[in-house]
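> I'd like to go over a predicted model; first the sequence, then the structure.
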Amino acid sequence: MDIYYTQYGISEKQPRSLKRQTKGKARYARGKETKEVISPQIIQDYRRLFVNRPAYTLQSTRPHPETGRHYYFTPKKVGTGAPVELTESTIRRHLDGEITIGLYAINPDNQRCKWLAIDADYQNAMEDLLKLQYRLTQDGVEPALELSRRGGHLWIFLARPLLAKDGRAYIHDIALRLGVPVKGSGLREGIEVFPKHDSIEPDAFGSALRGPLGVHRDANRRFWFHGADYTVDAQIAYLNGFRKLTERELEKFIAGKERPKPDNSPQERSTASGRRARTARLEFRILEYVAPPRKVGRNYVTRCPSCAELGHDRSGDNLAILIRDPRFYKCWAGCAKEMIRAALGRPTYMEIA
Ligand SMILES: [Zn+2]
C-alpha cells in the first residue's frame, strides 16, 4: 500500500478527486473540464505571490515527436526578438489550463527573488521534503507544499524580494545539516534549490520553475498545494495566508553560515523505502505502546517515543499514525522506524527469524 505523506500527517495515496483528474487524456485541451472563473483578484494575488519579473517561459503544447516531452521555451516578439512580457491575460490563460508558463526566480535588476523553492523528484523525495518542511517550521518559516508527480515543491514566500544568494545560503545550510542531498553537487539525485544562481547577468534569465496551479503538460493534469481544496480560488486564498519570510529573519538565519559549496552533500543514503517495506510486515501494534493519541484528520498524533528519549517533542505531536492502518507511522523530526521501535523496547531485529 502506498502512503502519502502530508503536511499534517500521513494519509492514503491519492485522494479520489486526484484519481478522477488523471483519467481521460487531453481533457484540458478538449475543454471538457468545468471551467472555474478566474477573477481579476486571483490574477493579482498570483502575480504578487509568484511573478518577480516580466520575462517568463512557455511550455510547448505539443510533445516533442521523439521524447514525448513538452519543453519550455522563451516566447519572443516577432521582429525584435525581445522576450514577450507576462501580462494578466497570460496568467489567466495559465490558470485556465490553456497554456502553462514557467516563472523565473531571479530579477536581474536587483538579484532578488520573491520566493524560494525546493524541487524534489526522486524516490525518497517526499520524505526529504517533509524533513525540510519540518525543519523550516522550527525557524518560524511556513513553506507551502505543492505536490508533483513523484515528489513535490516547497515554496517559501518572502515579505519583500530578498537577495538570491542569501536565500540559497539558507536552504543549502538546512539541507546539509539534515543530510538531504542537493542535486548538481556531484550527485545525480537530490533536491534542486531555486534560485539556482547567486546572481545572474543583466540580460540573463536564470532558472525557471513551472508556474503553480497550471496544467503540467507531461502529466496532463494539475498539481495542487496540499492543505486546501482543489480549486484555484481556494488554493490562492490558502497561499495568501502563509507567513512571509522577512529580510531580517533571513539575515539572522544565515549569519556566520558558509555559502553553498559545490560538493557539500552527503554521499551515502539509507534505503528508507526498504526499511518501510520490512517494517510493514511485522506484527507490531504501535498503538499498544505509545501515549494515548489524539485524532488529527486521518491520523493519530502523539509524542514520538524516540524524540521523547532525548527530551524532545514536548508538545506531543511528532508521531503520526495512520488511523486506517496503524502499521504506518512517521515521526516528523525524522526518527527512523528502527529508532522508534528501539525506544519502545521492541527493536525490529528481535522479530527477524
Ligand atoms: Zn521522533
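The structure has been received and is ready for your questions. Numbers count the residues shown, from 1 in each chain.
> could you grab the helix/strand/coil label for the nearest residue to residue 244 once chain neighbours are set aside?
In space, and not counting its chain neighbours, residue 244 is closest to residue 159: 4.0 Å by C-beta to C-beta, 6 or more residues apart in numbering. In this view, the C-beta of every residue, glycine as well, is placed from N, C-alpha and C. Three-state call for residue 159 (DSSP: H, G, I helix; E, B strand; the rest coil): strand.
> residue 159: neighbour count?
Residues lying near residue 159 (other C-beta atoms under 10 Å) number 14.
> what helix or strand is residue 170 located in?
If you go by DSSP states H and E, residue 170 is part of helix 164-178.
> by contact count, what packs against that helix?
In terms of contacts (3 or more C-beta pairs under 8 Å, 6 or more residues apart in numbering; DSSP states H and E), helix 164-178 is packed against strand 112-120, helix 125-138, strand 192-194, helix 247-254.
> could I get the average pLDDT for the second one?
When you say that, I think you mean helix 125-138. Averaged across helix 125-138, pLDDT comes to 91.
> how about it: buried residues?
The neighbour-count check on helix 125-138 (16 or more other C-beta atoms under 10 Å) flags 125-136 as buried.
> looking at the helices and strands packed on helix 164-178, spot the one closest to residue 202.
Closest to residue 202 of these is strand 112-120 (C-beta to C-beta; 13.8 Å).
> now do residue 77 against the ion, distance only.
Note on residue 77: its distance to the ion, by C-beta to the ion, to the nearest Å, is 55 Å.
> thought that residue was touching residue 55?
No: taking contacts as C-beta atoms under 8 Å, residue 77 lies outside contact range of residue 55: 11.5 Å.
> neighbour count for these two, which is higher?
residue 55 (20 against 10).
> enumerate every residue touching that one.
74, 83, 85-86, 104, 205 (C-beta atoms under 8 Å, 6 or more residues apart in numbering).
> do that again at 7 Å, thanks
74, 83, 104, 205 (C-beta atoms under 7 Å, 6 or more residues apart in numbering).
> before we move on, back to that, give me the distance from the helix holding residue 170 to the chain's centre.
When distances are taken as C-alpha atoms, centre = their mean, to the nearest Å, helix 164-178 is centred 15 Å away from the chain's centroid.
> for that helix, list every residue counted as buried.
For helix 164-178, by 16+ other C-beta under 10 Å, it's 164-176.
> from the residues you listed, which one has the minimum pLDDT?
residue 176 (90).
> wait, what's in contact with the residue nearest to residue 244?
244-246.
> for the residue nearest in space to the middle of the chain, helix, strand, or coil?
The residue lying closest to the centre of the chain (C-alpha atoms, centre = their mean) is residue 153, at 2.3 Å. The three-state assignment at residue 153 reads strand, by three-state DSSP.
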